[in-house]
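1. Quick one, what's the 3D model for this:
(chains A, B, C and D)
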Protein chains: 4
Amino acid sequence: MTPAPDSLQQLAQRLQQFADARDWGPFHSPKNLASALIVEAGELLEHFQWMTEAQSRELAPEQKQAVAHEMADVLLYLVQLSTVLDVDLVAAAQDKMRLNAQKYPEPGPSGSAAN
Amino acid sequence: MTPAPDSLQQLAQRLQQFADARDWGPFHSPKNLASALIVEAGELLEHFQWMTEAQSRELAPEQKQAVAHEMADVLLYLVQLSTVLDVDLVAAAQDKMRLNAQKYPEPGPSGSAAN
Amino acid sequence: MTPAPDSLQQLAQRLQQFADARDWGPFHSPKNLASALIVEAGELLEHFQWMTEAQSRELAPEQKQAVAHEMADVLLYLVQLSTVLDVDLVAAAQDKMRLNAQKYPEPGPSGSAAN
Amino acid sequence: MTPAPDSLQQLAQRLQQFADARDWGPFHSPKNLASALIVEAGELLEHFQWMTEAQSRELAPEQKQAVAHEMADVLLYLVQLSTVLDVDLVAAAQDKMRLNAQKYPEPGPSGSAAN
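-> Residues are numbered from 1 along each chain as shown, chains lettered A, B, ... in the order given. A predicted model of the protein is given here:
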């Protein structure tokens, strides 16, 4: 039995097949995919723009479903961008988390001399 | 032998610990995370804004590294948003791909009567 | 005495001269200018992303100055886009306000039977 | 005869009246208006995302009309943001143009010793 494949890699493969079957390759330049990604990020933010922060934490089920689909759109373009640029998304994320850990060191226990 | 854990789930857990250790929870409302995500999507697009599409397909190594880090930033906020909203990102992406397959049917073989 | 020239038209003319003197015309396609505009809109939003709404209403002077410059960047790209597309921005805005007045009718006086 | 009022100031006044008549003031925090602005900037970019740059320079009339309305939406939120923050948009734009002139000096005549 083969181990479960990485879910982002699976998504990447299926998206590649989907785009190839529709001859979308010429449209999927990194420039265009980065544009499409931010357009979807705008559609995601639109759901929250007039909400208070508290309201955004308590979405009704149908709102949450719509938001989940916008999040999916962002992910799908991000994965396609990683394919055309040959970027390992998870490795890049882990790399960035290491940088963030240096940039924002964990605070010591409050009241501690170390902090 | 346990299967390889899902890489997005791992990221989600580590990001949660990272934010908790810094008491960032109150700032991480869905509204704010969706704002932070689009800000990072803008930093990603900035790399491409004056490039031709052809140039965007042929990034120099240091440009590709910088772009990979912006992509990581988008992913990290997307994963954190999925945590606070309790959305299964991969399931949402698979759901969206099913909808896309209906919306953009695969063209038949060229020259085929079916198309 | 000549009437005060329209300030947006003045900005448009000066931006055109500025871009021409630097041979930026080939880069200033509508597609690229719309990308540059949203990148600046992201830099504008970045100032507010972790603020509460109340904090965003009470910016310190140096924050307000930085925000004003990001707003200016958005306006400068919007004006340049209007030039390359030959769109009359103020006329478009007035047109849109008429549409908004139909879409969001003014509520009647509270307590009135008409509302 | 009074001089023609500045068109942005006119827009600002009419938008203020429009928002006041609908009691939208509490929603119109700078944070929210900056979000709404970038959402509209995304709708603007959406028109261009799969176009080539050349295509974006040759919009069909109905496309140009739709694009003009998205540009108007960006301007309307920018003007409303300038009102709530008490920022003089045109002065900020002129200020930014002075900074840009320092940052990107005009090139001398080609072949000139000065350059």
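2. Quick one: residues contacting residue A:91.
-> With contacts taken as Cβ atoms under 8 Å, 6 or more residues apart in numbering or on different chains, residue A:91 has no neighbouring residues. (Glycine included, C-beta is placed from N, CA and C.)
3. any idea how far the nearest residue to residue A:50 once chain neighbours are set aside is from chain B?
-> Nearest residue to residue A:50 in three dimensions, chain neighbours excluded: residue D:27, at 5.2 Å (Cβ to Cβ, 6 or more residues apart in numbering or on different chains). Here the criterion is Cβ to the nearest Cβ, to the nearest Å. By it, residue D:27 lies 13 Å from chain B.
4. To what extent is residue D:27 buried, counted in neighbours?
-> 16 (other Cβ atoms under 10 Å in any protein chain shown).
5. What pLDDT does the model give the most centrally placed residue in chain A?
-> In chain A, the C-alpha nearest the mean C-alpha coordinate belongs to residue A:75, at 4.3 Å (Cα atoms, centre = their mean). Here the pLDDT value assigned to residue A:75 is 98.
6. which ones are touching it?
-> A:11, B:78, B:89, B:92, B:93.
7. So which of those sit within strands?
-> With strands taken from DSSP state E, there is no overlap with the contacts of residue A:75.
8. Sketch out the helices for chain A, chain order is fine.
-> A:7-21, A:30-46, A:53-56, A:61-85, A:89-103 (DSSP state H).
9. Could you report the separation of residue A:83 from chain C?
-> For residue A:83, the distance to chain C - Cβ to the nearest Cβ - is 21 Å.
10. no wait, residue A:69
-> 21 Å.
11. so where is chain A shaky, pLDDT-wise?
-> Scanning chain A for pLDDT under 70 picks out A:1-6, A:109-115.
12. I figured the residue nearest to residue A:50 hits residue A:51, correct?
-> No. Using Cβ atoms under 8 Å, residue D:27 is not in contact with residue A:51, being 9.5 Å away.
13. re earlier: can you add distance to chain D and give the contacts of residue A:75 back as JSON lines?
-> Listed next are the contacts of residue A:75 as JSON lines, based on distance: Cβ to the nearest Cβ, whole Å:
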{"residue": "A:11", "distance to chain D": "21"}
{"residue": "B:78", "distance to chain D": "16"}
{"residue": "B:89", "distance to chain D": "21"}
{"residue": "B:92", "distance to chain D": "20"}
{"residue": "B:93", "distance to chain D": "20"}
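14. Max pairwise distance over those residues: which two?
-> Across those, the longest distance by Cβ to Cβ is 13.0 Å; it joins A:11 and B:78.
15. Show the contacting residues for the residue in chain A positioned nearest to chain D.
-> In chain A, no residue comes nearer to chain D than residue A:42, which is 2.6 Å away by Cβ to the nearest Cβ. If you count contacts by Cβ under 8 Å, 6+ apart, residue A:42 has them with B:38, C:38, D:38, D:39, D:41, D:42, D:43.
16. Can you check those and name whichever has the most neighbours?
-> Ranked by the number of neighbours (other Cβ under 10 Å), those place residue D:41 first, at 34 neighbours.
17. That residue contacts residue D:74, correct?
-> Yes. The pair residue D:41 / residue D:74 is scored as a contact, 5.6 Å apart, by Cβ under 8 Å.
18. anything in contact with each of those two?
-> With Cβ under 8 Å, 6+ apart as the test, residue D:41 and residue D:74 both reach C:37, C:41, C:74.
19. Mind putting those residues into CSV with distance to chain A?
-> As requested, the shared contacts of residue D:41 and residue D:74 are exported to CSV (distance: Cβ to the nearest Cβ, whole Å):
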residue, distance to chain A
C:37, 11
C:41, 9
C:74, 14
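20. wait, which of these is closest to chain B?
-> Checking the shared contacts of residue D:41 and residue D:74 one by one against chain B (Cβ to the nearest Cβ), the nearest turns out to be residue C:41, at 7.1 Å.
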